[in-house]
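# have a look; sequence and predicted model below, questions after that.
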Amino acid sequence: MKIIQDFSLQELQDLMLSFGEQKFRAKQILDNINLGKKITDFSNISKSLKEKLLAEYEDIPLKIHTIQESKDGTKKFAYELWDGNIIEGVLMSYKYGNTLCVSTQVGCRMGCKFCASTLNGLARNLSAGEILSQVLVVNNYLGGKVGKNREITNIVLMGSGEPLDNYDNVIKFLHLVSSPDGLNVSPRNISLSTCGIVPNIYRLADEKLQVILTISLHAPNDELRKTIMPIANKYSVNQIVDAAKNYFNKTGRRVVFEYALIDGVNNTVECANELASLVKGFPTHVNLIPLNEVKERDLKTVTHKKAEQFADLLKKHKVSVTIRRTIADDIDGACGQLRNKIIK
Ligand code: SAH
């Protein structure tokens, strides 16, 4: 089956013409899509056109399967896709708005040792419309509409999957969600997180999209990084830093490095010093995340005190650094944990 949410306005116009319909129907269909509606519930669309659509397209690509609410107000969503696959996302509410964390693949094949998303490997890529639909259904769930009445203000591509391993669909999603015909979320409010697929970081820099690039570094040298992230066998830390510099030069956007603190593994004084010298010399920010322990893995998190000590070492080198508060750790907050529970 095909997915109508994959379509841009232009593509919907071509589709309408091929159906023998008038072009303006495309905008009406897109207005319905933007409200997170399934084809059956489209308004202003004739029964016969809906039937034509339903003969070829999924009524809706995904629906909310489960919602877990954390003590801190964070909500974790599991979605059921049209083919029965389960994916997940997290909604974080702040004073300035709502940030939705979206998945880009069903599972992941990157194999990072600390991450639950990768435990069952990669099932398949998500299409642009399937990534978009996560935003649409949660915006709708929150009572949001489009434009000023939109509830989702920020998006992070930090759910299950490696965005740069599903490059074309992710780029298409970024165009769809930021389009004035769509939800119109500014790319400046979207963060794309990658484990460091270097050639695609260069490609992304040339897309003229202005998204915030977030790189999951987690270790300041190749030897250590290889023990926790298989991708380190392919691309070196220096290649990643060069790609990050290029991203800054092309987009003018400061690059964020994510560093999950794993006790006794990557939180030594030497690691802090090495990390500081890596990220110096161009505008960067380091986000320290105390490891969210995953029960299938025996890696241990750090105390808040140890996280602060590590941050202080970086600050001494004038590195811009924050410690990300661990959110939703009472509701399977780490990537892939809720999905794994449901698919078991
Ligand atoms: N594949 C992308 C997006 C993954 S999730 C990437 O690698 O960046 C977003 C962030 O959460 C990444 O930095 C990832 O390394 C981190 N992460 C995954 N599992 C974690 C865990 N158990 N504890 C802390 N951070 C984790």
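Looks like it came in fine.
# show me the contacts for Q210.
Q210 is in contact with 187-188, 251, 253, counting by C-beta atoms under 8 Å, 6 or more residues apart in numbering. (Each C-beta comes from the backbone N, C-alpha and C, glycine too.)
# A helix includes D14, no?
Yes. Per DSSP: H, G, I helix; E, B strand; the rest coil, D14 lies within a helix segment.
# can you name the residues bridging to I67?
F77 (DSSP bridges).
# going through the contacts of Q210, which ones are buried?
Burial by neighbour count, 16 or more other C-beta atoms under 10 Å: within the contacts of Q210 this picks out 187, 251, 253.
# from the residues you listed, which land in strands?
Per DSSP state E, strands hold no members of the buried ones among the contacts of Q210.
# my guess is F310 contacts L261. True?
Yes. The pair F310 / L261 is scored as a contact, 6.2 Å apart, by C-beta atoms under 8 Å.
# the two: which has the busier surroundings?
Set side by side, F310 and L261 show more neighbours around F310, with 25 against 22, by other C-beta atoms under 10 Å.
# tell me which residues touch the more buried one, please.
261, 267, 271-272, 288, 302.
# name the element E51 belongs to?
Under the criterion of DSSP states H and E, E51 resides in helix 47-56.
# give the buried residues for that helix.
49-50, 52-53.
# shared neighbours, F310 and L261?
In contact with both F310 and L261: 267, 288, 302, using C-beta under 8 Å, 6+ apart.
# that older thread, need the contacts of Q210 in CSV with pLDDT, can you?
Formatted as CSV, the contacts of Q210 follow (pLDDT from 0 to 100):
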residue, pLDDT
P187, 95
R188, 95
T251, 96
R253, 95
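# looking at these, spot the one nearest the ligand.
R253 (16.5 Å; C-beta to the nearest ligand atom).
# in the stretch 201-344 of the chain, where is pLDDT below threshold?
Applying pLDDT under 70 to the stretch 201-344 of the chain flags residues 326-338, 343-344.
# helices of that one, start to end?
222-228, 237-251, 269-279, 304-316, 337-343 (DSSP state H, counting those that start in this stretch).
# out of the ones you listed, which one sits most buried?
helix 337-343 (a mean of 20; mean count of other C-beta atoms under 10 Å).
# give me the most central residue, this protein.
Nearest to the geometric centre of the chain sits L157, at 1.1 Å (C-alpha atoms, centre = their mean).
# beta partners for that one?
L192.
# contacting residues for it?
L157 sits in contact with 101-102, 104, 163, 170, 190-193, where contact means C-beta under 8 Å, 6+ apart.
# rewinding a little: against which helices or strands is the helix holding E51 packed?
Here helix 47-56 touches no other helix or strand, going by 3 or more C-beta pairs under 8 Å, 6 or more residues apart in numbering; DSSP states H and E.
# what pLDDT, on average, does it get?
Over the span of helix 47-56, the pLDDT mean works out to 97.
# C-alpha coordinates for that helix, PDB please?
Extracted C-alpha coordinates of helix 47-56, given in PDB (Å, rounded to 0.1, in the frame of the first residue of the first chain):
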ATOM      1  CA  LYS A  47     -17.100  10.100  -1.300                       C
ATOM      2  CA  SER A  48     -16.000   9.000  -4.700                       C
ATOM      3  CA  LEU A  49     -12.600  10.700  -4.500                       C
ATOM      4  CA  LYS A  50     -12.100   9.200  -1.000                       C
ATOM      5  CA  GLU A  51     -12.900   5.800  -2.400                       C
ATOM      6  CA  LYS A  52     -10.400   6.300  -5.200                       C
ATOM      7  CA  LEU A  53      -7.800   7.300  -2.700                       C
ATOM      8  CA  LEU A  54      -8.600   4.400  -0.400                       C
ATOM      9  CA  ALA A  55      -8.200   1.900  -3.200                       C
ATOM     10  CA  GLU A  56      -4.500   2.800  -3.400                       C
END
